[in-house]
Each structure stands twice: as C-alpha cells, then as structure tokens.
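# structure here, sequence nowhere to be found:
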C-alpha cells in the first residue's frame, strides 16, 4: 500500500477539527482502538475522519449511509496533497481508501431468517448474504482503519450487527463520525455507544460553531395552522366518538367500580400498593409509573381527581388531559380491574371499551391499550393547510429577500404509495402531504420557481423546466434530456437518460445559480449528505422527530456561503393543530420533540433549547388556542425581514463557554426588583415588624420624663420643669420619626413581597455553604425575557451544578409537595404611604398587644433537606435575605405534619415556575 505519511488535507484545518483530531489521538494513545466523534453538520467531519485514519498509516475503509456521501469521501480524499493514491468504491479493498455504503455490508438474506442448524451467536452475520459475509472476512485479513460516517444509522438499524462485525475484527481501528449530539441519543443508543466505543470525543455544539463564525446565524420560526374546513368537519365527527367514550367512562354506573373512583384508589390513595402497610409515597409511584402519574395530575388540574399527597403540579401538568392521558389511565383500569373482574357488568364494560377504541386510533388487547396510527393524526399531519402555509411563508420570505431567496421544502415522501382509507376519501387529497402536492401548489405562486427533486423524479412548471433543460445543455453537454414541448404548461416531468446520481448535482447547481428559488424534495435526497451552501430558508413539513433527523435536516441551511458572507438562515416548522379534538395536538407534540434538545436564539439574544426559542410564549406541554394563531403567525412573518438582527443576537465572535445552563423561568404577578449586584437587605420582615427592631426605651423615657415634669410643676419648680418637658417632646418626636421610617420600610417590603431575587440569592448561598455548588449569590443571573417573565440561572457553573441550583430554586418557589422541612416567610400588611398609617405601622407595641404578620410557607429544597445541619444553613441564608424565621419546621413531627397537610399544594407566592435549558 502507498505511504500515507506525507499526505495532508487539501484545506487548512479549523480549530475544532484540530481539537477533534487531538481527542482521537488521546483515545488511541491510551490503547483504545475505537473512537466516537461528534461534530455538528458543516464542521467538516469527512476531513477529520480521513486525516485521523491517514495518521494511522493503515488501509482505510469508509462506510457511508448513501451513495451521495460515499462520493463525498472519494472527492475529499482526492483533494489531499501532494498526490494521494486513488480511492476506490470497489469491494476488493485494494486501494488506500475504499468508500462503501452500509448497504454493501448489511443486506440480509431472507432465506436465513430460520437457521436449520440452530446457530445462536453471530445471528446477524449469519443472516447476511454471501457478499456481505465475504466483505466481513476480507476486512479481517489485515489491520485496517474503519471509518463509520453518520454512524448514528448503526444505532438505528445495525447496532447489534456492528457489535458482531467488530468482534470479528480485533485488529481494526474504528472511528465513528456523527452529527447527533449525545443529548439526542436514547438511553439504549447511549448504552450501545458506551459498550462499543467508550468515551465520546465531543466537538463544539451548533451554537458554538455559530459564535465562531463556522456556521451561519439562524432563527427557528414556526407557522401554526388549523385543518381546512373539510378536514375540520371530519375531525368534529371523530371528536364525538371520543366524547361518547369519555362520557361513558365517567358515568358512575359504567362498571361495578367506576373509572374515576377506581383511579382515586389507584393513583390518589394508591391502595393497590399499600398492602398491609401505608400507601407507597407519591415520589416512588411517580418514579415507577411516570406517564400514569403525569396523566393523573392533569386529571387533577381538570378537576376530576384529588391531588395525591406529596404530588406537586409542574408546568407540564397545568393543561387539560390529552387523549393519550385518557388512554394511559384507561390502560391500567382495563388491565388491572375490568379484565380481572368476574362480574358480568365489568365484562360488558370491557367489551364496550374494546369496541370503541379502534374508531379513535387505539386498540384494547390482552396487554392493555395500544396506540396505532390514528386516522385523526394522519389528517392533521398531512393537512392541506400545511401546504398552503408553506406557500405563505415562502411568499413572505421572497418579499424580504427577492432573488436572493434560496428555499428548500422538505417532505416525508414524494407521493402517496397507498390508496387512501375509504373513511378519508373526500377528506384528504390522494397525495396529501407529499412533495408532488407541494410542487403543484407552489408552482401557482409568483416568483418562487419551484423545482421538485427526489430519488425518482425531477419536475417543475414548464417554464422552469425549459430553463433547466438549457442549463443542463450548457454544463453537461454529454447528457441527453427529453425536450420540453413548447406548448406544455403547468407542472411537467424532466426526463432523459440519467439517474439521481446525475440529476441531483445538476438540479443543485441550477438552484444555486438562481434558476429556481425553491427546491422541493424528501429527506432521503435533500437531507443527510446533500450540500448546498446557498440555502438560506428551510421549510420543514416532515414528521421525523429523532434527534438525528432534526440535526441533519436543519444542518442543510447552516453552511456558510462564500458568495454571501452575511448569510443568515431561517428554519420554519409548519404545525397543524385541531384544538377541538383530543388528539388534535399530535402535530404540535412532534414540533415540541423536534426542538426539545435543539438550541436556537430568542429575540432577547438568549440561546435556549426547546420551543421557547421560537417564541417565549410557547409551552412544551400545550399548543396555544387557535384563536391566537393569526397573531402568532404575524409575529413570525415580521421576523422575515430581521435577519440582520438575528446576526446581532448571536453575537458572532464573542467569548462563550459552550455548556448548557439550567434556568428557572418565573411567570406571574410576583414582582422582581432588579439589582445591580446581590446585596442582602438591611432589614427583612420578622414576626412583629422588622428584623432590626429592638425594644426601644424612648416611649418609656418620654412618659417617665413627662410625669417627672408634672411633679416638678406641682412642686412649683417653674422653669426647671421645662427641661424634662422638652426632653419628653424630643424623645417622642425621635421615636415617631423612627416609627414612620419603619412604617415606610414595611410598605416597601409589602409591595415587593415576595422578593423573588432574594429567595434566589438565599438558595444559592445556602447551597454554596453546604458544598453543593461552587459559588453563591454572586453567581446568580436574573434577566427578563420577551414576555416579561424572569429567568434565574447560575452562571459559570457546569451543567450538573446549574441543574442542581435550578431544581432547588424551583422547589422553593413552587407549592410544597412532600418536603422534609418547611420554612416560613413573614408577609407584612401594606400600611400605605400616608404619614398616620406609616406611624401606626412602625410603632411596635409590647408583644402581648402586637398582631403577628401572616406567614407563607416554602419547601426547603431536597438538596438541603437530607440533614438538619443543611436545613439550618438554608434557614441562616433565609434570615439574611428573605425573612427572620427562627428555625426550619420538620414535617415528620406531629406539629410539622399538620402544618404540611394544611399547606400542601398551596402556592407560597403568586407565580408559576418552569425549568428551561439555556446555553452560554
């Protein structure tokens, strides 16, 4: 084999590429033979993989998910200098670089599904066709470096096969490359990576690449729509079926034990788990049955169940129950009660449920309720309203960019491969949701010049097709395409002696040159492996929600364009919601999953994960009402013309830490007093007034002096008596002034109570004193968002520490659930600002006459409730920042349990909290 030592990449390596190569080098230097490298789309993974493999000096075999990416490996290798040996796509493995597709290895033999010899190991390799097994054998004949590009595919489909292949190749060095961040992997996928590769080599995140200028700034936008009138009418009829089922379920006579009474036993009182002892604590029930617990709490929010002891409502619970919530609870009811009962009434109820569920997209089996692809979800996901929305989005983007627009519309499929179910005929178009339908609609809109490119078809409006024909004749003279008839109108297909390997790059070049302003296709062609630096607008019409598909799809628009240094990308999600149907939010839930671990920039310049980076008013747990859609969409359309502002929001070139930070978002009427720096207040509310109040002798002195003056006057002391009288008056005046000032302080405290920042600072100081976090109040950052809500986070902390702080603060601000300790916050009444009222409020009578201030009770966070000494540290910080409360209340004592019972679930302040994930 040719010597590879003298070769170098054809381009200068960027900093993150050098760091990734160093990371691989460290793994191999420690004796490892496998490395898993994570780099975002556009970061140059191919160069990193080739250079890492070249340094090992062994034959390189690169596997790619499709032929387009396979070709990119060969092309990148040819750019190495000074004179690289030729790469090959031949399975003979004779070249310095062999680039193959995964399909060349993982093609299974259907006849091997049943093993007549009873083999029980290497089952996947045994099932391979002979060519696949021969390739595995060839790889094992000598040391090689395997480079697995976009290796997340292995986790999806061929993970166990990979394990068997690597077991057969003990001398191979394996480098896996992926754009899927660790946070987007499922638990099983992460476990497989750990087992096969060990520690990951993680490169910069997408936000870091934007700050570095390696990827372009971008904004995530959305369009919310409702189904068409025809679709709405059909959905209304389906909603009636669901309403009938739920009405039957809540009827007390539905079975011997009704649905809601049984749920009260099961989820609220948890009698099924109690046995001979006390009921299982809520936190254990919620840990073991998280989906059932969440559904039960949403039923409580809707007024159908009591709040279980120890439960606390979070943001995700403050919404009406969904159809899936009903089904989760029906699942346990049917399986644990109806199916086990011998009573004929319960058997009849079971049969009624089984008959009703298929009509709403579910089935009742012996294993319980199972979800199928609901026709309701199909109508919503493929609604004609979504195609119309794509047109409105692109029209607005075209108005903003003109001929500079380069849009891509991504669909799940080119055209429907199966006929519509009879129940949907007349409801949906036969090609609903397809790329072909998108082409037909967008071709009617002025200026967009759409071009359809899939693995089977190239099509466009006749005028665009003729322009493409002329372009192909100029740049590919050897290609013979069928001419477009001069009298052709409407959408036509472009045909000729070619394949997708030829027409995809031609269509891409035509589009980049401005022949088309809108490319329409599927994820298979215009997703992973397709590159066009000109793309500046992407419209996502797909249903794919995996972390891999989200990162790959959005990466198509983030590459830098040498021809437009100021490029800013817009990525649009089109979401259809039928808010009058229990399953009408399925498309919105997909939208939430797409953004769950994906970062974007808000209009305040905060980089956040989740749908709040699209709009801070959005919640991950419920779609907004359809009445608000028009206003929401108008806000989105206004942002079409703000690309320069998006660039400023990303602060390209500024320093960053590249780490996630957990934050608490506080919404409500609870006021926030902004502070330049955290400084404890001079006084805090106490049981009787303020924390600095002491028994002053002035009133007593004034009275004693006045009595003495009267005695002197009675004795005829004359002018001498004036001295104590004047002293009495001065004493009284001074005390009145002090009382007035105390009254004004009480007013200021009352109007700002609760002082949420003070609670945030106290929590940070207590955690710091307990050794739970590295810094205290000085590390707390408080900032408003676009809606007027406030975000609290710990800066300069690693993700685990910031999460610990955010979780603790959320517990303190939220209604107590089942804390070990409670702490009180005195709430003084507001005396107002007028002088007599402040004087009376500031006057402190003897304790037996005084009226104590009201008390609001907060939970001591779990992180500080494990030991009494930690709870005391929290109390010390609380007295310094918030309120002069003497000691924490232990809720396992008789007195504490009664107090907790009266305060459980009661909000200590007029605000709601939500946890958020940000980036810095």
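Ah, there it is. Fair warning: this is a prediction, and the values are worked out from it, not measured in the lab.

# list the buried residues in stretch 449-458.
Within stretch 449-458, the residues scored as buried using 16 or more other C-beta atoms under 10 Å are 449-454, 457-458. The C-beta positions use only the backbone N, C-alpha and C, and glycine is treated the same way.

# ok, now stretch 290-299?
Buried positions in stretch 290-299, judged by neighbour count with 16+ other C-beta under 10 Å: 292-299.

# ok, then the element right after the helix or strand hosting residue 809?
Using DSSP states H and E, residue 809 falls within helix 799-813. Counting by DSSP H and E, the element after helix 799-813 in chain order, helix or strand, is strand 821-827.

# returning to what we had before: could I get the buried residues of stretch 449-458 in TSV, plus columns for pLDDT?
Below are these laid out as TSV (pLDDT from 0 to 100):
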residue	pLDDT
449	98
450	98
451	98
452	97
453	96
454	93
457	94
458	96
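
# can you put those in CSV and add distance to residue 895 and secondary structure?
Formatted as CSV, the buried residues of stretch 449-458 follow (distance: C-beta to C-beta, whole Å; DSSP: H, G, I helix; E, B strand; the rest coil):
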residue, distance to residue 895, secondary structure
449, 76, coil
450, 72, strand
451, 75, strand
452, 73, strand
453, 73, strand
454, 72, coil
457, 76, coil
458, 78, strand
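
# just the helices in the stretch 201-350 of the chain please.
Assigned by DSSP state H, counting those that start in this stretch, the helices in the stretch 201-350 of the chain fall at 206-212, 229-250, 259-263, 282-288, 290-301, 323-336, 344-356.

# could you chop the chain up by domain?
15-204, 210-227+385-406+538-656, 229-378, 685-919 (automatic domain parsing).

# what's the closest of the ones you listed to residue 481?
Relative to residue 481, the nearest member of the domains of the chain by C-beta to C-beta is domain 15-204, separated by 20.9 Å.

# how long is the closest one end to end?
For domain 15-204, the first-to-last residue distance is 10 Å (C-alpha to C-alpha, to the nearest Å).

# for the helices of the stretch 201-350 of the chain, give me JSON lines that also has mean pLDDT and distance to residue 549.
JSON lines is the format used below for the helices of the stretch 201-350 of the chain (pLDDT from 0 to 100; distance: least, C-beta to C-beta, whole Å):
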{"stretch": "helix 206-212", "mean pLDDT": "95", "distance to residue 549": "15"}
{"stretch": "helix 229-250", "mean pLDDT": "89", "distance to residue 549": "26"}
{"stretch": "helix 259-263", "mean pLDDT": "95", "distance to residue 549": "37"}
{"stretch": "helix 282-288", "mean pLDDT": "87", "distance to residue 549": "30"}
{"stretch": "helix 290-301", "mean pLDDT": "94", "distance to residue 549": "24"}
{"stretch": "helix 323-336", "mean pLDDT": "93", "distance to residue 549": "22"}
{"stretch": "helix 344-356", "mean pLDDT": "92", "distance to residue 549": "34"}
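
# distance of the residue lying closest to residue 865 once chain neighbours are set aside relative to residue 435?
Distances taken as C-beta to C-beta, 6 or more residues apart in numbering put residue 820 closest to residue 865, at 4.1 Å, once the chain neighbours are dropped. As judged by C-beta to C-beta, to the nearest Å, residue 820 and residue 435 stand 58 Å apart.

# check residue 165 too.
Distance from residue 165 to residue 435, by C-beta to C-beta: 35 Å.

# other SSEs contacting the helix holding residue 809?
Judged by 3 or more C-beta pairs under 8 Å, 6 or more residues apart in numbering; DSSP states H and E, helix 799-813 is in contact with strand 660-668, helix 756-769, strand 790-794, strand 854-859, strand 911-919.

# what's the closest of those to residue 610?
Nearest of these (C-beta to C-beta): strand 911-919, 6.5 Å.

# give me the contacts around that closest one.
Defining contact as C-beta atoms under 8 Å, 6 or more residues apart in numbering, one finds that strand 911-919 is touched by 205, 207, 314-315, 318, 599, 606-610, 612, 619, 658-670, 756, 791, 793, 806-807, 810, 813-814.

# what do you get if the cut-off is 6 Å, keeping everything else the same?
207, 315, 599, 606-609, 660-661, 663-668, 670, 806, 810, 813-814 (C-beta atoms under 6 Å, 6 or more residues apart in numbering).

# what about the stretch 501-650 of the chain, any weak spots by pLDDT?
Residues of the stretch 501-650 of the chain meeting the criterion pLDDT under 70: none.

# tell me where it has helices.
523-526, 547-555, 586-595, 629-638, 643-650.

# minimum distance to residue 575: which of the ones you listed has it?
Among the helices of the stretch 501-650 of the chain, the nearest to residue 575 by C-beta to C-beta is helix 586-595 (4.7 Å).

# ok and that closest one relative to helix 323-336, angle-wise?
Orientation of helix 586-595 against helix 323-336 (axes from the mean of the first three to the mean of the last three C-alpha atoms, to 10 degrees) gives an angle of 100 degrees.
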